[in-house]
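Peer 1: with the sequence up front, the predicted model follows.
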Amino acid sequence: MNCDFEEDMCDLMIYRDHEDMDLYWVRHSGSTETPGTGPSFDHTYGTQRDGSYIYMDSPGYVAGASATLIGPPTIFPQGLFCARLWYHMWGDDVNSLRVYMHELKDDQDATGNWGKPRLLRVGDHGDEWLEGGFEFQSDGKTAQQLVIESLAGFSEKGDIAVDDLRIVPGRCPEEIKRDSYNADYICGEVRLLTGNWSQEKSWFVEGAVSCAGRGYSYDNLKGNWVPCCVPRYGQYTLVLHDAFGDGWSGSKLEFRFFDQVQEFGSDFMGIEDGAEKKYTLNIGLLQITRIEGSQDRIALEIQVAQPNSYVWCGAALSGSPAPTVEVLKKYGIRSQEQTKKPGDRLRMEIANKPNDRRILQPATDYNIYCYAEPAAYAADQNQVMMMDDAQVAASRVMVTTDNKPPEITVESVDEEYTEASVRIRSDEVATVWCAAEEVSKVPTDDAGQSPPPSVIKKAGNKIQIVKGTENTPQILKLKNLMPDTKYRVYCYAEDRALPKPNFTGPEQVSAKAFDLVTPSKVPELKIESYKAFVRGFKLSVKTDTPAKVWCGAAMAGSAFPKKEDVKRVGATAEVTDITKPADLEIRGVPPNTRYSIYCMASSRSGASEMTDQQMWDGALEVTSFGKFCDMPIEPAVLSEGPATPFDPLTPPEEFMVRDFMNTQKNLKLEGIYRINLFLDKDAILNHFEKGAEFPKRYARVRAGVCNNGKGAYRQFKVGPLDTEDAKNLKIEDIGEPVETDCGGYNPQGVFGRRLLDQEQENELDAFLHRVFGYHFGVKACVYGEVDNCLNFGPLIYKQKGDQLEEVWIGLKTPPKEQGDYEHNLPFYIVAEPPVADEKVDVVNAESRDRVALLLEHVKGYSLNGVQFDSLDEMFETVDTAANPELTVEKLRDAMSEVRNKREEQRANAVRRLAPYNIGPNPKGREGLEYRVGPEHIEPQGKRYTITHNPDSTSYSINYAGWTMTVTNDRDTSLKIWNLRFKDQRYAFELGVNEALAHYSVAERHWYFMDSWYGGLGAAARRVHPGIECAKTGTVLFWDKSLCVFEEDKARPLRSHWKAGVLRDAVPHYALVLRQIITVSNYDYITDYVFHQSGFFEATMAFTGELYAGVEVPWYSARQANHGTQVTGSMRMGALHAHLASWKIDFDLDDYKSNSIAWHEIKHDTARPGALKIDTWFAETEEQAYYKFNDTRPLHYQVINEDHNVYGNVGGFTVLPLPTVAIPNPEFELYTGPAAWAKYRILTTLRKEDEFHGSLPRDNKYALRPAVSIDRYIR
């Protein structure tokens, strides 16, 4: 048999032990689907593009389930055979690979009972292909069947692959026999005797994941004994699991080792035991827990399971028979002491004695066997365990008398274009890896340091120095090199010592490192594609080796250019990665003209380059761009991209964290205020800048606790979130608790309240969706079908005299299409009147708007004119058809009737409003307003690109050197992450922190922290292109709340007129990210503007309508100093201030080394009228803020003092928006929750517990706020 799996499965057949089992071996090429496990290429060819192998894709949800392949029954000729294969087992949760040679006697069929595995491999063996095998005998008469079985692990990171399988006559090579012999396990048997519901039972042995099973397998259904192999003697934890959670009633598990049977599960009964129960499984009397070998001694540590026992141990040459108890006691060494209690450890040594016959030979493999026996006086001899010959044989551990690393020598190196042959020798049997690293890519700080062994083993090529080739030069091929490149080569070696190999240390690896330079090669160049744009061509070219490329265009039919001419005037690019094309742009060509494009390339050093003839042969005939309307639009503006580390929590993640927190009774939580993504900045930056793994996701939980009337605000880090079971989450504190009042931590609804609890809201959502076809509530509409959700509709006020008795809250359907009407449902929530400090005037329209924000308690419900006291009563009436007017059909008819009446009213309105005069508006300001306004056109498409993550909750934007990722935070609105310009990170985070309005009239003053209105991000609403942003803008997020557009500033970015000529003039364009937040009567227009010069700004402007709540009186002389009369009916515009703040987490290279520099402009007293600059650095946070009431002319910079050019440090200049003053900075609002308002700029060091500058809850708890930015200044 000889199978490389390149064509098919080589007659290997899939074996299924149950119809529900869907775990299989499959043929595959390249990398497996799950990162962090499985091979990247096959073993036969060793490349990602060629070759196939078979593998089992671990599903992550059926630990212990097996995928099995069986070969055809074969009668081999009489004699000895060797079965060999290459296997790949890499991943955090790799289970095991078992290979059997099953004898088919008496025409028996395949049953799944394969006997004892001939080859067993368990756990993670690293990201490499390894060879294994075993020997077997054939009598020439009995059919035998090869069986390959792999077991799934506990997660998806458990892929197992096999390649290059063959069976050959004769003995296996010595290295394979040695590995197979050393990897032996203690194998017993296990069987599951099932009662009812066998398919719900599963089990596994911790520390021996190859010993696991599930109730629906064929063997377990039949009660067959199947192999159970553990690494060694010892104590293991057995876990029994029931999927339904009512125990193992009627089922039990039996283990049989050395003819001793242990039974488990009979006492796993009923709901009280739950879904899982653990037992202790003891195998063997002793365990060799530690063993070390040197040239003349072997040190042992043995753990014994019973007291008052002595231990005998002996060494036998590898491959010799195991000793009997009698031989071991006669010739072995006995421990000096006996154990005193179960689990005691004894230390022993087998060593050569000075001036005596050598017992141990150096660099030799030995098998160590041990035997334990209780002392003669041990109490109750009938209760002690005794070891027999079989158990002595099973105690075997292999050790090598060698503690010296291999000595390797590089004899010579022969370089070729893409590989190098290294002649290398070793003084002993070993595996040698050599890895080549481009010298130009080694960071300066790492120069002279060798890569860690794991990197050399993964990235390098290896060679086996086998027995008989020691001290003989062997050829190691370094592959996948690039021509014309200088490499530093590091070699690392491991010998074959057991139980752990000896290896070369970092000093030896660095000392043995050597340089090589591959020869130069003429690149082979190909023009992959081209696109014509206005007065130019965009080319994509590829070469087969790193190269410099030049391209130029000549009119078709003109003389062939020389390569020197193309190099002199052509566009140029450098190919550093041959798998990716390099882009060039040829500019300045007239339109609609035939051209020949010539490209030439040279090697990286310039030593080899294409000839003129080669350049001419590869010429491409093209036509330059012609008509304006034919401009190609490329690439797509919006496309799907990968997930980012900034993606907001998904609904399942948030619900899982909430469920987990609700189980933490010891915390005495009053309320979980917010659950957001926790951002591990260092892990994220390592991912972006050093290629580290994608950061694990955690949640930040902000909560209030209340214990004996004492409140506190606390933050927690919960995760990681790569699980579906909340039981697997871990929790840790973020910062110290902050003492607060107990109240205010209910996070749902406006002002932290909601009319219905979560269960009622979910029940009502299910009812409304079943009856009317629309969803309702936070769970369904914030995290679910957001385009099919009901909105709150009209409010109906029931009054008796001037007293408000009830408020009826209606619901309305979303419009089916743009421009359509919303339609009211025949359903109302009846709420009790609000409790307010002042009387609510429902006659006044402006005052009436506040009623919805004050409602707290539901009184009942009205459905199609019938009132109910509870939801249960309403549900029962509809479900039982107790009222003929409240059947599902009647309710749907009622809604249709409302819709039809509204459509009729709409049609009548359209007829009444039909235009009667098309032409210049006679009342217009100039009479030409009827003409179409100026248009911003983008003839070749947008000059920015956007990718969104799979669930469209984050977007990555690229524009003119700017890159960023944006998300929408429910509290603070738009967040910008990882903001970069021309590969320089400007900020890790940028976004609004908080906004507030502070009002004053003659009688009173009041304020609103605007995030208190359910959150600024939650208040972000749809932005309408053509009115609220550019008509060509791109709207993002599910609610279309962000508009992205490029703005023509219609002024120069820079220009200068000199000598009658406009010199160095550049038009000014900028990218704008606009979000509009509607809070009560205000619409906040927040803009983030990114200029092509590298300057960016954030602004907030205000529109909306005049606030005229009950707090605002009618205008009178008394109010002259507090506002302005705005209507003839004495309506007053009250004095108020709007304040907003932004949070910017600046980065300049290593953000931990950034500094703050202040520049003050002062009078230079040495010269009248002159000015000078005083510069100083802030040493503490108290020196790094600038208050609004400070009048000094200060200039603020975030800098890195290492960036020094001409004596000037480099960094960012920050110009805060102007504000007149804060006249009352000592007021409780500005010393508490809105302390940020006092500062133009405030700087703190990054601390995880200072992630937010305000908390919406503190709007009503200003005296004892949970968050106040004054506390951050230390």
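Peer 2: Noted; the coordinates are in hand.

Peer 1: let me know the outermost residue of this structure.
Peer 2: Asn355 (63.8 Å; C-alpha atoms, centre = their mean).

Peer 1: per-residue pLDDT, it?
Peer 2: Asn355 carries a pLDDT score of 79 in this model.

Peer 1: and the gap between it and Gly293?
Peer 2: Distance, Asn355 to Gly293, by C-beta to C-beta, to the nearest Å: 22 Å. For glycine as for every other residue, the C-beta is placed from the backbone atoms N, C-alpha and C.

Peer 1: run through the strands of the stretch 901-1050 of the chain in chain order.
Peer 2: 944-948, 955-959, 962-969, 973-981, 984-1000, 1005-1009, 1034-1036, 1042-1058 (DSSP state E, counting those that start in this stretch).

Peer 1: adding mean pLDDT, mean neighbour count and distance to Thr1180, write the ones you listed out as CSV.
Peer 2: Below are these laid out as CSV (pLDDT from 0 to 100; neighbours: other C-beta atoms under 10 Å; distance: least, C-beta to C-beta, whole Å):
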stretch, mean pLDDT, mean neighbour count, distance to Thr1180
strand 944-948, 94, 18, 41
strand 955-959, 96, 20, 37
strand 962-969, 96, 22, 30
strand 973-981, 95, 22, 27
strand 984-1000, 92, 21, 22
strand 1005-1009, 85, 19, 29
strand 1034-1036, 95, 21, 41
strand 1042-1058, 92, 15, 38
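
Peer 1: turn these into TSV, columns for distance to Arg1274.
Peer 2: Below are the strands of the stretch 901-1050 of the chain laid out as TSV (distance: least, C-beta to C-beta, whole Å):
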stretch	distance to Arg1274
strand 944-948	40
strand 955-959	35
strand 962-969	26
strand 973-981	26
strand 984-1000	19
strand 1005-1009	24
strand 1034-1036	38
strand 1042-1058	36
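
Peer 1: quick one: the strands in the stretch 601-750 of the chain?
Peer 2: Using DSSP E, counting those that start in this stretch, strands in the stretch 601-750 of the chain cover 620-623, 638-640, 669-678, 698-707, 710-719, 730-740.

Peer 1: flag every buried residue along the shortest one.
Peer 2: Within strand 638-640, the residues that qualify as buried are Leu638, counting by 16 or more other C-beta atoms under 10 Å.

Peer 1: could you do the fourth one as well?
Peer 2: When burial is assessed from 16+ other C-beta under 10 Å, strand 698-707 yields the following buried residues: Tyr698, Ala699, Arg700, Val701, Arg702, Ala703, Gly704, Val705, Cys706.

Peer 1: any idea of the angle that strand forms with strand 710-719?
Peer 2: Orientation note: strand 698-707 sits at an angle of 160 degrees relative to strand 710-719 (axes from the mean of the first three to the mean of the last three C-alpha atoms, to 10 degrees).

Peer 1: just give the strands next to strand 698-707 in its sheet, each with its orientation.
Peer 2: strand 669-678 (antiparallel), strand 710-719 (antiparallel) (DSSP bridges).

Peer 1: with the last one instead?
Peer 2: In the sheet containing strand 730-740, its partner strands are strand 710-719 (antiparallel), by DSSP bridges.

Peer 1: got it, and the shortest one?
Peer 2: With DSSP bridges as the test, strand 638-640 is paired with strand 944-948 (parallel).

Peer 1: list of residues touching the partner strand?
Peer 2: 635-642, 954-960, 1034, 1036, 1044, 1046, 1071 (C-beta atoms under 8 Å, 6 or more residues apart in numbering).

Peer 1: now swap in stretch 661-677 and tell me
Peer 2: 646-649, 654, 657-658, 697-707, 711, 714, 716, 718, 726, 731, 742-743, 745-747, 969-971, 1255, 1257.

Peer 1: next, the buried residues of it.
Peer 2: Met661, Leu669, Glu670, Gly671, Ile672, Tyr673, Arg674, Ile675, Asn676, Leu677.

Peer 1: okay, that stretch in PDB with CA atoms only?
Peer 2: C-alpha atoms of stretch 661-677 as PDB (Å, rounded to 0.1, in the frame of the first residue of the first chain):
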ATOM      1  CA  MET A 661     -23.300  38.800  36.200                       C
ATOM      2  CA  ASN A 662     -26.800  37.900  37.500                       C
ATOM      3  CA  THR A 663     -25.200  34.700  39.000                       C
ATOM      4  CA  GLN A 664     -22.600  36.700  40.900                       C
ATOM      5  CA  LYS A 665     -24.700  37.000  44.100                       C
ATOM      6  CA  ASN A 666     -21.700  37.800  46.200                       C
ATOM      7  CA  LEU A 667     -21.300  41.200  44.500                       C
ATOM      8  CA  LYS A 668     -24.700  42.400  45.800                       C
ATOM      9  CA  LEU A 669     -25.400  44.100  42.500                       C
ATOM     10  CA  GLU A 670     -28.200  46.700  42.500                       C
ATOM     11  CA  GLY A 671     -28.100  47.000  38.700                       C
ATOM     12  CA  ILE A 672     -25.900  46.300  35.700                       C
ATOM     13  CA  TYR A 673     -25.600  49.800  34.200                       C
ATOM     14  CA  ARG A 674     -23.700  49.200  31.000                       C
ATOM     15  CA  ILE A 675     -22.000  46.300  29.200                       C
ATOM     16  CA  ASN A 676     -19.500  47.300  26.600                       C
ATOM     17  CA  LEU A 677     -16.500  45.900  24.800                       C
END
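
Peer 1: report the rounded mean pLDDT for that stretch.
Peer 2: Stretch 661-677 comes out at a mean pLDDT of 89.
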